[in-house]
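1. Structure for this input, please:
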Amino acid sequence: MKTLLYIIALSAALFATNSETAACKKCHPTIAQEFESSMHKKSSIYEDKVHKAVWDKHPAKAKGKYKCAKCHTPNAKSRVDTHKGITCISCHTIKSIENHDKSNKNIYENKPKTFYSAEIGHESEKIKYKTTSTWWGQKTTVGSAYHDIDYTNKKFYNGSICMGCHSHKQNSHKFTVCETEDAGAKETSENCITCHMPKILGSATTVRISEKHAFHGFAGARVKPMMLAKYVTLGFNKSTNGFNISIENQSPHALLTHPLRVAQLRVTLTRENKHITLKTHTFVKVIGHNGKPSMPWVATEVVKNTMIKAEEKRVVSFNEKLQSGDKLEVVLGFYVVNPKALKKLNLENEKELQNFTVLKSQHFSVE
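-> Take a look at the predicted model:
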């Protein structure tokens with residue numbers, strides 16, 4: 001009987017998720033399609049293999065106490081609902097952010113059908129659905145039949161709306177496991193949203209046609225990393241003993257913020273049709289305990305940090321002396337999960353996670 005009730009409850013939860021998505025698709029088909037492939041949509045342990053692998057190791061799992069729901073399944077009202085990741089409602093009903101030492105907290109709007117959004121030129125508007133008719137019978141519709149739209153929330157314009165989940169996270173040892181500098185969540189001209197949700201071609205809605213809309217696939221390491229590449233510049237110059245490659249990170253946060261990520265600089269020297277692979281340089285932030293890498297809930301210190309910092313220009317030196325006619329292929333890329341951690345997380349058979357993603361590549365010729 002319990003099994004039957006569980007199946008019924010699960011079906012109801014999945015139906016509710018699909019219904020919500022279907023409702024949004026009616027007016028926002030392009031945005032809904034983008035969202036389906038986003039890591040926000042895939043934030044639960046049922047769709048994110050990395051998140052599940054870490055949770056499987058967590059001591060709280062044996063007690064049935066899911067510790068990540070606040071951000072990974074914010075709309076979950078029961079254990080069954082943890083199948084549902086972040087939804088459209090999750091973000092568009094955030095009213096304000098409470099700042100706390102351990103982690104911040106989203107405060108959600110409790111008024112029914114009230115959604116927050118941003119649109120330049122409409123910052124002071126609150127739009128309610130209504131239909132008006134002229135004396136000759138022409139009808140004009142304003143707003144959405146599904147929800148009211150509040151454009152007055154300043155946090156949706158300066159990017160600070162993201163800081164409820166993406167600011168920082170401390171473990172029980174009061175050690176900050178991960179953090180994103182909030183320098184990119186203060187200005188309206190450039191911020192978290194303008195970078196990770198850039199304006200691209202396509203109407204935001206079918207109700208009122210617009211030329212562009214905010215990208216809802218949420219660009220990042222796992223979705224459209226080429227958008228991050230726009231903020232990375234590679235440079236080259238000869239030196240007395242060899243040459244230097246510079247990496248300039250123009251973003252307001254570390255090149256990669258997740259502690260499982262690892263970036264690499266790979267350089268190939270071509271001389272007289274011979275390809276010579278030079279030393280690979282690795283950039284990583286390792287957290288751990290007693291000088292050794294550990295799981296996040298055990299960590300008490302940063303064991304190693306060579307990750308390229310926010311707005312840093314890192315210069316990497318090579319001792320190989322160059323000759324006229326030499327050519328260099330410079331590649332900056334990353335792994336979603338540090339290859340050294342794959343086996344520990346039982347992810348060694350996941351081919352997708354073994355891929356080296358090229359973030360930026362450039363060729364230089366030596367005169």
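
2. how about the helices in this structure?
-> 2-27, 29-36, 49-57, 69-72, 88-92, 155-158, 163-166, 192-196, 226-229, 339-342, 351-354 (DSSP state H).

3. Tell me which of those helices lies nearest to Val142.
-> When those are compared by C-beta to C-beta, helix 2-27 sits nearest Val142, at 13.7 Å. Quick note: C-beta positions are derived from backbone N, CA and C, even for glycine.

4. So, low pLDDT: which residues of the stretch 201-350 of the chain?
-> For the stretch 201-350 of the chain, applying pLDDT under 70 flags no range at all.

5. Do I have it right that Asp101 meets Ser167?
-> No. Applying C-beta atoms under 8 Å as the test, Asp101 and Ser167 come out as separate, 10.9 Å apart.

6. Compare these two (neighbour count), which wins?
-> Comparing Asp101 with Ser167 by neighbour count (other C-beta atoms under 10 Å), the higher total belongs to Ser167, at 19 against 9.

7. The more buried one: what's it in contact with?
-> Asn99, Ser103, Asn104, Glu179, Thr180, Asp182 (C-beta atoms under 8 Å, 6 or more residues apart in numbering).

8. which among those end up buried?
-> The neighbour count (16 or more other C-beta atoms under 10 Å) marks Ser103, Asn104, Glu179, Thr180, Asp182 as buried among the contacts of Ser167.

9. okay if I get those as a markdown table plus pLDDT and distance to Glu352?
-> Formatted as a markdown table, the buried ones among the contacts of Ser167 follow (pLDDT from 0 to 100; distance: C-beta to C-beta, whole Å):
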| residue | pLDDT | distance to Glu352 |
| --- | --- | --- |
| Ser103 | 96 | 28 |
| Asn104 | 97 | 31 |
| Glu179 | 92 | 26 |
| Thr180 | 91 | 24 |
| Asp182 | 84 | 31 |
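
10. Identify, from those, the entry nearest to Glu329.
-> For the buried ones among the contacts of Ser167, the closest approach to Glu329 (C-beta to C-beta) belongs to Thr180, at 31.6 Å.

11. Let me see the contact set for Asn319.
-> Listed by C-beta under 8 Å, 6+ apart, the contact set of Asn319 reads Asn241, Gly242.

12. what's the distance between it and Leu278?
-> According to C-beta to C-beta, to the nearest Å, Asn319 and Leu278 sit 9 Å apart.

13. next one: His166
-> With C-beta to C-beta as the criterion, His166 and Leu278 are 36 Å apart.

14. what about the two, which has more around it?
-> Between His166 and Leu278, counted using other C-beta under 10 Å, the more crowded position is His166 (21 against 18).

15. which residue sits closest to that one, ignoring its sequence neighbours?
-> Residue nearest to His166 in three dimensions, not counting chain neighbours: Thr180, with 5.0 Å by C-beta to C-beta, 6 or more residues apart in numbering.
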